[in-house]
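Chemist: Provide a 3D model corresponding to the input given below.
(one chain, ligands or ions: 1)
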Amino acid sequence: MEAKKVADSVTIMTEMIMPNDTNPIGNLMGGNLLRWMDVAGGICAGKHCEKYVVTASVDHVSFQRPIHLGDVITIKAMVTRAFNTSVEIYVEVYAANVKGKDDRLCNSAYFTFVAVDDEKKKPTKVPPVLALSSEEQDKYDSALRRREVRLILSKRMKPEEALNLKEFFQVNG
Ligand SMILES: CC(C)(COP(=O)(O)OP(=O)(O)OC[C@H]1O[C@@H](n2cnc3c(N)ncnc32)[C@H](O)[C@@H]1OP(=O)(O)O)[C@@H](O)C(=O)NCCC(=O)NCCS
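Modeler: Have a look, this model is predicted:
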């Protein structure tokens, strides 16, 4: 399968925060933001894989800064690395006011999507990622460790099998 560039599937989504999207104190509801991040990530993963995809996991998300009613958010999703049937997608969210001022990074998360066949049942192979820039290469390299963490947490891998994590802590610890 031919490797595909990160840029080929970068997905950018913009939303204005409306009253229906907010919590009782007038800020964007966390669940609504997660939904949009999942949509942007899923579109990006689908474009990279050229397949139907399902969300397999979402890594740690923290809501660092509130997003207010009337703000405009920009969600950017990029593929970081492909494995066998899954891809890791990095999603980040910026918010600004309606005049385009006070632009700020509000949160980010890594999503894992699994490509499935046309009957939407069986996981199916995905194309590799071609990382070109240094930022793409950094995310590509560190993806192996993040994968091990999430596979351990979902009980799909034993901690002693996590070779990349072990090596990382030996070098950096
Ligand atoms: C994700 C899903 C397709 C995996 O099916 P499965 O039978 O466990 O398939 P496999 O064991 O062959 O794993 C397939 C891939 O999923 C990855 N995966 C499965 N669970 C994972 C998790 N919790 N975190 C990260 N990756 C995961 C595996 O590592 C594997 O990736 P790889 O092939 O690149 O190594 C299945 O669990 C599913 O359909 N889940 C529901 C998805 C969904 O409906 N999402 C929307 C939210 S409700």
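
Chemist: C-alpha from now on. contacts and neighbour counts both.
Modeler: Fine.

Chemist: in this protein, which spans are strands?
Modeler: 4-5, 11-16, 52-58, 72-82, 86-96, 104-116, 129-130 (DSSP state E).

Chemist: Please identify which of the ones you listed is closest to residue 66.
Modeler: The minimum distance between residue 66 and these falls on strand 104-116, with 7.3 Å, by CA to CA.

Chemist: Quick check: which of the strands of the chain is nearest to residue 136?
Modeler: Closest of the strands of the chain to residue 136 is strand 72-82, at 6.7 Å (criterion: CA to CA).

Chemist: Neighbours of residue 132, how many?
Modeler: The number of residues packed near residue 132 is 12, by other CA atoms under 10 Å.

Chemist: That one contacts residue 5, doesn't it?
Modeler: Yes: if you go by CA atoms under 8 Å, residue 132 and residue 5 touch, sitting 7.5 Å apart.

Chemist: Using PDB, write down the CA coordinates of stretch 16-25.
Modeler: The C-alpha trace of stretch 16-25 is given here as PDB (Å, rounded to 0.1, in the frame of the first residue of the first chain):
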ATOM      1  CA  MET A  16     -19.800  29.300  15.800                       C
ATOM      2  CA  ILE A  17     -20.900  28.700  19.400                       C
ATOM      3  CA  MET A  18     -24.700  29.100  19.600                       C
ATOM      4  CA  PRO A  19     -26.900  29.100  22.700                       C
ATOM      5  CA  ASN A  20     -27.800  25.400  22.100                       C
ATOM      6  CA  ASP A  21     -24.100  24.500  22.400                       C
ATOM      7  CA  THR A  22     -23.500  26.000  25.800                       C
ATOM      8  CA  ASN A  23     -23.800  24.900  29.500                       C
ATOM      9  CA  PRO A  24     -25.800  27.000  32.100                       C
ATOM     10  CA  ILE A  25     -22.900  29.400  32.600                       C
END
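
Chemist: Next to the ligand, which bits of this protein? Give me the list.
Modeler: Residues of the chain lying close to the ligand (CA under 6 Å from any ligand atom) are 54-57, 83-86, 112, 114, 123, 150-151, 154.

Chemist: how far away is residue 109 from residue 140?
Modeler: According to CA to CA, to the nearest Å, residue 109 and residue 140 sit 15 Å apart.

Chemist: same for the least confident helix or strand in the chain by mean pLDDT, what does it pack against?
Modeler: The least trusted helix or strand in the chain, going by mean pLDDT, DSSP states H and E, turns out to be helix 163-172, with a mean of 83. Judged by 3 or more CA pairs under 8 Å, 6 or more residues apart in numbering; DSSP states H and E, helix 163-172 is in contact with helix 134-153.
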